[in-house]
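S.K.: Below: sequence and its predicted model.
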Amino acid sequence: MTDNEVAPLPEAFYIPRGSDEFDSTVATTSPWDPAMQHGGPPAALLARAVERVREDESMSIGRLTIDMLGPIPQGRIRTEATIVRPGKRIELVEAKLWADDRLAVTATAWRMRSTPDSSAEVATDFTTSSVPGEQEQRYFPGIGSDWGYGRAIEWRFASGGLQKLGPADVWVRPRIPLVAGEETSPIQRFVIAADSANGVSSAVPYGEWTFIPPSLSLTFAREPRSEWLNMNARTHIGPDGRGVADGDLADEFGYVGSVTQPLLVARL
């Protein structure tokens, strides 16, 4: 491989090493530090843990909140999940992710029982852009074409871009599975990408400012139904070093939910 060539993508974001243990791959790499993981894949692993805590296809995640307790290093990680409030129609699940024997990420999720067509007569309309055609994949200024997480996602912008400041209307889809040898669930695919809401809609230049979200909250009106995720994202920055990134989530069939991230904003 020459200096200008990029290594092939790994087979997945994570390689399983047991029922709840995984090794991260280069596809999880953070743009801030190559020794650390982007927040999306670990968040999706916790969504996986929540979905597997009690197998029931009619119980779907209605709200998922992820709290990152610090940088997440590359390497061996493990997850666990527990139902803390059981119920027939709604239940609360807590999940945890450990890295280097340190509690690195926690999650809480409300799972709700789906009842098909029960509210179809009052479902609201929502208009999105269409999935654009193939585009050149360009990342943040100063980030090369070998950025692992960036390459593991296909990015198609209807407006905005990773090299532009301001709101963005972007369609994304993971190119590889979350866990090798497994089919990635629709919500897991959304979580992998939704943690990028602050990046696609950045209001200050990458490389000059840090705008890191310690938390991620997603609310789902329904299960996603297509491989493409649409994020209509924007970032609002306050005067005291804080900000909020939020956005509407949709698929090719319409509205799916929303994403919100609090931001720590500071000059580098």
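M.R.: Cool, the structure landed.
S.K.: Strands along the stretch 101-250 of the chain, start to end?
M.R.: Per DSSP state E, counting those that start in this stretch, the stretch 101-250 of the chain carries strands over the ranges 102-113, 153-159, 168-174, 209-212, 215-220, 229-237, 242-251.
S.K.: Tell me which of the ones you listed lies nearest to residue 200.
M.R.: Closest approach to residue 200 among the strands of the stretch 101-250 of the chain is made by strand 168-174 (4.2 Å; Cβ to Cβ). Heads up, the C-betas are built off the backbone N, CA and C, glycines and all.
S.K.: Specify the angle between that closest one and strand 229-237 in degrees.
M.R.: 130 degrees (axes from the mean of the first three to the mean of the last three Cα atoms, to 10 degrees).
S.K.: wait, isn't residue 27 in contact with residue 176?
M.R.: Yes - if you go by Cβ atoms under 8 Å, residue 27 and residue 176 touch, sitting 6.1 Å apart.
S.K.: quick one: which of the two has more around it?
M.R.: residue 27 (27 against 18; other Cβ atoms under 10 Å).
S.K.: what's the more buried one in contact with, if anything?
M.R.: 9-10, 12-13, 41, 148-149, 151-152, 176 (Cβ atoms under 8 Å, 6 or more residues apart in numbering).
S.K.: Going by neighbour count, which residues of the least confident helix or strand in the chain by mean pLDDT are buried?
M.R.: Lowest on mean pLDDT, DSSP states H and E among the helices and strands of the chain sits strand 209-212, with a mean of 90. Buried residues in strand 209-212, counted by 16 or more other Cβ atoms under 10 Å: 211-212.
S.K.: hmm, back to that, go through the contacts of residue 27 and flag which are in helices.
M.R.: 41, 148-149, 151-152 (DSSP state H).
S.K.: What separation is there between residue 174 and residue 99?
M.R.: 21 Å (Cβ to Cβ, to the nearest Å).
S.K.: Same question for residue 267.
M.R.: From residue 267 to residue 99 the distance is 28 Å (Cβ to Cβ).
S.K.: Mind checking which of those two has more residues around it?
M.R.: More crowded of residue 267 and residue 99, by other Cβ under 10 Å: residue 99, with 22 against 8.
S.K.: Next, the contact list for the more buried one, please.
M.R.: Per Cβ under 8 Å, 6+ apart, neighbours of residue 99: 72-73, 75-77.
S.K.: can you check residue 101 too?
M.R.: Taking Cβ under 8 Å, 6+ apart as the definition, residue 101 has no contacts.
S.K.: right, and residue 14 touches residue 42 too?
M.R.: No - counting by Cβ under 8 Å, residue 14 does not reach residue 42; the two are 9.1 Å apart.
S.K.: what would the contacts of residue 27 look like in CSV with distance to residue 182 and pLDDT?
M.R.: Converted to CSV, those look like this (distance: Cβ to Cβ, whole Å; pLDDT from 0 to 100):
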residue, distance to residue 182, pLDDT
9, 16, 92
10, 14, 96
12, 8, 98
13, 11, 98
41, 13, 97
148, 19, 95
149, 19, 96
151, 20, 96
152, 15, 97
176, 11, 97
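S.K.: Could you list the low-pLDDT ranges of the stretch 1-150 of the chain?
M.R.: 1-5, 117-124 (pLDDT under 70).
S.K.: one more time with 50
M.R.: Applying pLDDT under 50 to the stretch 1-150 of the chain picks out residues 1-3.
S.K.: where do the helices sit along it?
M.R.: For the stretch 1-150 of the chain, the helices defined by DSSP state H, counting those that start in this stretch cover 40-52, 148-152.
S.K.: Please identify the most buried of those helices.
M.R.: helix 40-52 (a mean of 26; mean count of other Cβ atoms under 10 Å).
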